[in-house]
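>>> Predicted model and sequence below, questions to follow.
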Amino acid sequence: MQPKFIAALGLFVALSACNTYGFDSDTERAVAGAALGAGTAAALDADLGTGIAIGALAGVFCDDAGVCR
(Lines give C-alpha, C1' and ligand atoms only; values in the text may rest on other atoms or scores of the structure.)
Protein backbone atom coordinates (compact mmCIF):
# COMPACT_ATOMS: atom_id res chain seq x y z
CA MET A 1 0.00 0.00 0.00
CA GLN A 2 1.25 3.46 -0.84
CA PRO A 3 2.11 5.81 2.03
CA LYS A 4 0.43 8.65 0.14
CA PHE A 5 -2.78 6.61 0.11
CA ILE A 6 -2.71 5.99 3.86
CA ALA A 7 -2.08 9.65 4.66
CA ALA A 8 -4.81 10.92 2.35
CA LEU A 9 -7.29 8.34 3.58
CA GLY A 10 -6.64 9.19 7.20
CA LEU A 11 -7.09 12.89 6.57
CA PHE A 12 -10.33 12.56 4.62
CA VAL A 13 -11.87 10.10 7.06
CA ALA A 14 -10.92 12.16 10.08
CA LEU A 15 -12.46 15.28 8.59
CA SER A 16 -15.59 13.70 7.16
CA ALA A 17 -16.70 11.16 9.72
CA CYS A 18 -16.79 13.41 12.76
CA ASN A 19 -19.80 14.36 14.83
CA THR A 20 -19.28 17.95 13.71
CA TYR A 21 -20.66 17.05 10.30
CA GLY A 22 -23.81 15.34 11.62
CA PHE A 23 -22.64 11.73 11.87
CA ASP A 24 -23.79 10.68 15.33
CA SER A 25 -23.63 6.87 15.21
CA ASP A 26 -20.86 4.42 14.46
CA THR A 27 -22.87 3.13 11.50
CA GLU A 28 -23.14 6.57 9.91
CA ARG A 29 -19.44 7.21 10.42
CA ALA A 30 -18.58 3.77 9.00
CA VAL A 31 -20.60 4.43 5.83
CA ALA A 32 -19.06 7.88 5.39
CA GLY A 33 -15.58 6.51 6.00
CA ALA A 34 -16.14 3.63 3.56
CA ALA A 35 -17.36 6.01 0.87
CA LEU A 36 -14.40 8.31 1.31
CA GLY A 37 -12.03 5.36 1.50
CA ALA A 38 -13.38 4.11 -1.82
CA GLY A 39 -13.06 7.54 -3.39
CA THR A 40 -9.53 8.00 -2.12
CA ALA A 41 -8.51 4.53 -3.30
CA ALA A 42 -9.96 5.20 -6.75
CA ALA A 43 -8.26 8.58 -6.98
CA LEU A 44 -4.90 7.12 -6.01
CA ASP A 45 -5.33 3.97 -8.11
CA ALA A 46 -5.03 1.80 -5.00
CA ASP A 47 -6.95 -1.31 -3.94
CA LEU A 48 -10.63 -0.41 -3.60
CA GLY A 49 -11.46 -3.08 -1.01
CA THR A 50 -8.62 -1.98 1.22
CA GLY A 51 -9.71 1.66 0.96
CA ILE A 52 -13.27 0.76 1.90
CA ALA A 53 -12.17 -1.38 4.85
CA ILE A 54 -9.74 1.17 6.24
CA GLY A 55 -12.22 4.00 5.76
CA ALA A 56 -15.04 2.12 7.49
CA LEU A 57 -12.86 1.12 10.42
CA ALA A 58 -11.50 4.63 10.79
CA GLY A 59 -15.04 6.02 10.72
CA VAL A 60 -16.23 3.64 13.42
CA PHE A 61 -13.31 4.24 15.76
CA CYS A 62 -12.63 7.96 15.17
CA ASP A 63 -14.81 9.02 18.10
CA ASP A 64 -13.25 6.40 20.38
CA ALA A 65 -9.81 7.74 19.47
CA GLY A 66 -10.85 11.30 20.28
CA VAL A 67 -10.63 12.57 16.70
CA CYS A 68 -14.30 13.55 16.56
CA ARG A 69 -14.42 15.58 19.75
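Done, it's in. Numbering: from 1, shown residues only.

>>> in which helix or strand would I find the residue nearest to Ala53 when sequence neighbours are not counted?
What sits nearest to Ala53 in space, not counting adjacent residues and going by Cβ to Cβ, 6 or more residues apart in numbering, is Gly37, at 7.3 Å. Where you see a C-beta, it was placed from the backbone N, CA and C, and this is true even at glycine. Assigned by DSSP states H and E, Gly37 belongs to helix 26-43.

>>> Give the rounded mean pLDDT of that helix.
What helix 26-43 shows for mean pLDDT is 84.

>>> Can you mark which positions in it are buried?
26, 28-41 (16 or more other Cβ atoms under 10 Å).

>>> list the contacts for Gly59?
Neighbouring residues of Gly59 by Cβ atoms under 8 Å, 6 or more residues apart in numbering: Val13, Ala17, Phe23, Asp26, Arg29, Ala30, Val31, Ala32, Gly33, Ala34.

>>> Settle this for me: the last one is touching Ile52, isn't it.
Just to be clear, that refers to Ala34. Yes: assessed by Cβ atoms under 8 Å, Ala34 is found in contact with Ile52 at 4.8 Å.

>>> Could you give the backbone dihedrals for Asp47?
Main-chain torsions, Asp47, degrees, to the nearest 10: phi -70, psi 120.

>>> how much space between Asp45 and Gly59?
To Gly59, Asp45 is 22 Å away according to Cβ to Cβ, to the nearest Å.

>>> I meant Lys4, not that one.
Going from Lys4 to Gly59 by Cβ to Cβ gives 20 Å.
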